[in-house]
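Novice: could you look at this predicted model? Sequence included:
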Amino acid sequence: MLDIKKQQDGTKLTVKLIGDLDTITSPNLEASLSESLTGIDYLVLDFSELNYISSAGLRVILSTQETMNKQGKMVIRNVSDEIKKIFEVVGFIKFLNLE
Amino acid sequence: MRRIDEFISHEINGIRYRRGRLLPFGATVVGDNAVNFSVYSKDAYSCSLVLYNIGADEPFVEIPFDDEFRTGSVFAMMVFDLDWEKVEYGYRFDGPTDRSKGYRFDKSKVLLDPYAKLVSGRDVFNKKTYPDSNFQCRGRIIREDFNWEGDKPLCIPFKDLIIYEAHLRGFTMDPSSGVKYGGTYAGFIEKIPHLKKLGINAVEFLPIFEFDEFVPELPAPACNYWGYMTYNYFSPKTGFSATGSMGLAADEMKNLVKELHKAGIAVILDIVFNHTAEFGDEGPTLSFKGIDNRTWYIMGEDGNYLDYSGCKNTLNCNNPVVRSFILDSLRYWVSDYHVDVFRVDEAPVFTRGQDGRPVVSPPLVDALENDPILSSTSFISEGFDFGGLYTIGKLPVNWADWNPRTRDTYRRLAKAFPQNPQEVIDSFSGSPDLFGSPDRAINYADCHDGLTLYDLVAYNGSHADDVGMVNPFSVDHVSWNCGIEGETNDPEVNALRHRQIKNLISYVLMSRGVPMFFMGDEFANSQKGNGNAYMQDNPIGWLNWDRLKDYEDVFEYFRTLIAFRKEHPVFRTTSYSMGYNSSGYPEMSWHGEKAWQLDMRTPLLTFAVMYSEPKADFGTKEDCFIYCAVNSHWEEHTMQLPIIPDGMKWSLVAYSGDEKGTRKGEIINGYATLMPRSVMVLIGK
């Protein structure tokens, strides 16, 4: 299960992910973001309550980063050590802004 | 728009499915919510798909393939709404069981898909995830996309390669490596700066396809460390991954390839298609044996396994189905992992027909030469198999060969063992008697098979009893311990060993052909005299990086000669040009203590080879001559230097007797004196 909480402040959007980002929930996040990113130039993904990220989840994060590279900035906050290790080991960390 | 062949037609225990697509083989994600499964078996009566949640002992569903799901010999099914990243899968086949006819169907077993793109069950190296009684090596389903950032295979020509053979785990497993993720793809990346500093431009990995550490002949703590026991040809070894249990080994390995390419280093994979980890009658049934035994293996008339590999079975490489499978595998590694070159273990098996006999124009070799995806991919062969078939120099132009004859010649030369002088000359020339061009000869003094470069000069033979086991493959390593067996504090012996290592690598790097050496040779890594560390997943088989401090002079010597070789195309020709070039000198000439005079009637212990490299012929910045003097004799010798054109002077590039490397650049006039057992490289310009 993944709960997606969005808070918009002008052109800034904060998205908090609660639960697991996996095969089942990744398409939901992808759809949710695609309908919200128009006009957004600063996207914050809050991972403080994200328990698990799968290969499919990683790809949604990466493709969102690609989208935001064209229209502004994206940062990921409160990344757990375990998830940071995944980003690091598979080399995705180079493409992402972790805070 | 949704395809009309993705509508659901069947349901079992809440799992919805339908007839699948026949191709591609394997498990393929379709859209967001479906997975297509396709598998081949000619002899099976029936098949079912068995699905597990990760880590579960029992499957959550087993779905039989309906008759309508089978076309020809292919079973195909599409399953919907799977949380496929958390699924492991296998197949159960039923079919004839008469072993005298080669049938091995056993419907009590669940089997690994030969086309699985990732395998679980050995997620942590040398540890079983599941007990022997359960389905052990399970297929996993992965995303195959990756952000390559524009990378593709480097296509470095054979002639320019400087190959560094390495074991992925052993390279960084020892704590002395200092890396964060020791023994993994990620850990290897941390050491790329070392390789870049050294100057090599290709890493040849010992097997990386999913293999079994557990083999019947090896009781713990020994294990199949090297990995020549493949059981899946599409999955990277998950036990080499820091993220193995998370299902990210493929991403991790791709990242390693990308980072190596960024550093200008090509990736060569050692592939083992001559046999599988299923052994013979007594071996496990993991995959091929239970899916279609008579297709996958070369069988005798009474249904027995014919063993041309030395590992109790032989893959039936020229069976049309197996041939397509091998092509699919290699295409996959090139297209999805950007692999540059393959080194084919026991390559003559590729030339054996379905009855095991050698065939003229073997279809697999022809296909590899003409395949559209593999057209810029090269192959390196280990040119002999257990059955005694020898193919060195006989494979097509996209193949090079490991050159064991040159290996032994170099070793005899280093220990001053009398041998035919022509052997020495041929070895330095790139073995014109064996190959059509010198860049087909992979020259080396050592490799993973046998003693390390240091151990060749520190041991008189192999010491393979470190885990209480007798090494069954002991051979004469043509080594010499320099007077004392093993490690010593004797300064004279150690100085000689430093020199002998440099001498051996000088032969390799100053010859025509493609140079190769084994990981750690550049800092005198030792396996404590173990000449066959295939089962040593311990400090014997791992690199001890602490030695880099003690053998810094060796490292610098390697660096110097590698850089020198890269600067001088005369070493890297694609033809045996021995005659006079535009310099007015022979391109390669041979000299004794007197210039231009070489006595071919005596053992060749003291001699020199001179290369002439005119800029007009080689596109270099200036004309030059390279003089490599070898003194393998235990006495000092003085060499008269050949006269070179007015205005040119000889200067010292590298000298194995110059321990601190302080004589680099020194001008040498007329004569060069070489201390006992040394090599000197000069440049004239």
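Specialist: Structure's in. What do you need? All of these numbers come straight from a predicted model, not from anything done at the bench. Residues are numbered from 1 along each chain as shown, chains lettered A, B, ... in the order given.
Novice: what sits up against stretch B:349-368?
Specialist: B:273-275, B:298, B:306, B:308-309, B:314-320, B:323, B:326-327, B:330, B:344, B:348, B:374, B:379, B:385, B:387, B:389, B:391, B:395-396, B:398 (CB atoms under 8 Å, 6 or more residues apart in numbering or on different chains). Every residue, glycine included, has its C-beta placed from N, CA and C.
Novice: surely B:F60 is in contact with B:I54?
Specialist: No. B:F60 lies out of contact with B:I54 (CB atoms under 8 Å); the separation is 10.9 Å.
Novice: list buried residues within the contacts of stretch B:349-368.
Specialist: For these, a burial check counting by 16 or more other CB atoms under 10 Å in any protein chain shown picks out B:273-275, B:298, B:306, B:308-309, B:314-319, B:323, B:326-327, B:330, B:344, B:348, B:374, B:379, B:385, B:387, B:389, B:391, B:395, B:398.
Novice: can you tell me the SS state at the residue in the stretch 451-600 of chain B that chain A sits nearest to?
Specialist: Relative to chain A, the nearest point of the stretch 451-600 of chain B is B:W542 (20.3 Å; CB to the nearest CB). Following DSSP: H, G, I helix; E, B strand; the rest coil, the label given to B:W542 is coil.
Novice: which residues does the residue in chain A positioned nearest to chain B contact?
Specialist: Per CB to the nearest CB, A:G91 is where chain A lies closest to chain B, at 3.5 Å. Taking CB under 8 Å, 6+ apart, we find A:G91 in contact with B:I189, B:D251, B:E252, B:N255, B:K258, B:E259.
Novice: so which of those reach chain A?
Specialist: Applying CB under 8 Å from any CB of the partner chain, the subset of the contacts of A:G91 adjacent to chain A comprises B:I189, B:D251, B:E252, B:N255, B:K258, B:E259.
Novice: for the third one, grab the count of nearby residues.
Specialist: Each residue near B:E252 was counted by other CB atoms under 10 Å in any protein chain shown, and the total is 26.
Novice: same question, the second one
Specialist: B:D251 sits with 28 neighbouring residues when counted by other CB under 10 Å.
Novice: in a helix, it, correct?
Specialist: Yes. With three-state DSSP as the criterion, B:D251 is part of a helix.
Novice: grab the nearest non-local neighbour of it.
Specialist: A:V90 (4.1 Å; CB to CB, 6 or more residues apart in numbering or on different chains).
Novice: partner strands of the longest strand seen in chain A, with direction?
Specialist: Among the segments of chain A that qualify as a strand by DSSP state E, the longest is strand A:42-53. Strand pairing for strand A:42-53, determined by DSSP bridges: strand A:12-21 (parallel), strand A:73-77 (parallel).
Novice: my read: B:N224 touches B:P216, true?
Specialist: No. At 10.3 Å, B:N224 does not count as touching B:P216 under the criterion of CB under 8 Å.
Novice: and the stretch 51-200 of chain B, which residues reach chain A?
Specialist: B:82-86, B:142-143, B:145, B:147, B:181, B:184-186, B:189.
Novice: if you set the cut-off to 10 Å instead, what comes out?
Specialist: Proximity of the stretch 51-200 of chain B to chain A (CB under 10 Å from any CB of the partner chain) is limited to residues B:81-87, B:118, B:140-143, B:145-147, B:149, B:180-181, B:184-187, B:189.
Novice: out of these, which end up buried?
Specialist: Applying 16+ other CB under 10 Å to these flags B:82, B:84-87, B:118, B:140-143, B:146-147, B:181, B:184-187, B:189 as buried.
Novice: helices of the chain, residue ranges please.
Specialist: Chain wasn't specified; assuming chain A. A:26-34, A:55-71, A:81-89 (DSSP state H).
Novice: nope, chain B
Specialist: B:168-172, B:185-190, B:192-198, B:249-262, B:288-296, B:320-337, B:363-370, B:404-414, B:421-429, B:453-456, B:491-509, B:547-550, B:552-567, B:615-618.
Novice: what residues sit buried inside the last one?
Specialist: By that I understand helix B:615-618. So, applying 16+ other CB under 10 Å, buried residues of helix B:615-618: B:D617, B:F618.
Novice: not counting its neighbours along the chain, what's nearest the residue nearest the centre of chain B?
Specialist: Geometric centre of chain B, nearest residue: B:D270, 3.2 Å, by CA atoms, centre = their mean. Counting by CB to CB, 6+ apart, B:R343 is the residue found nearest to B:D270 once chain neighbours are left out, at 4.6 Å.
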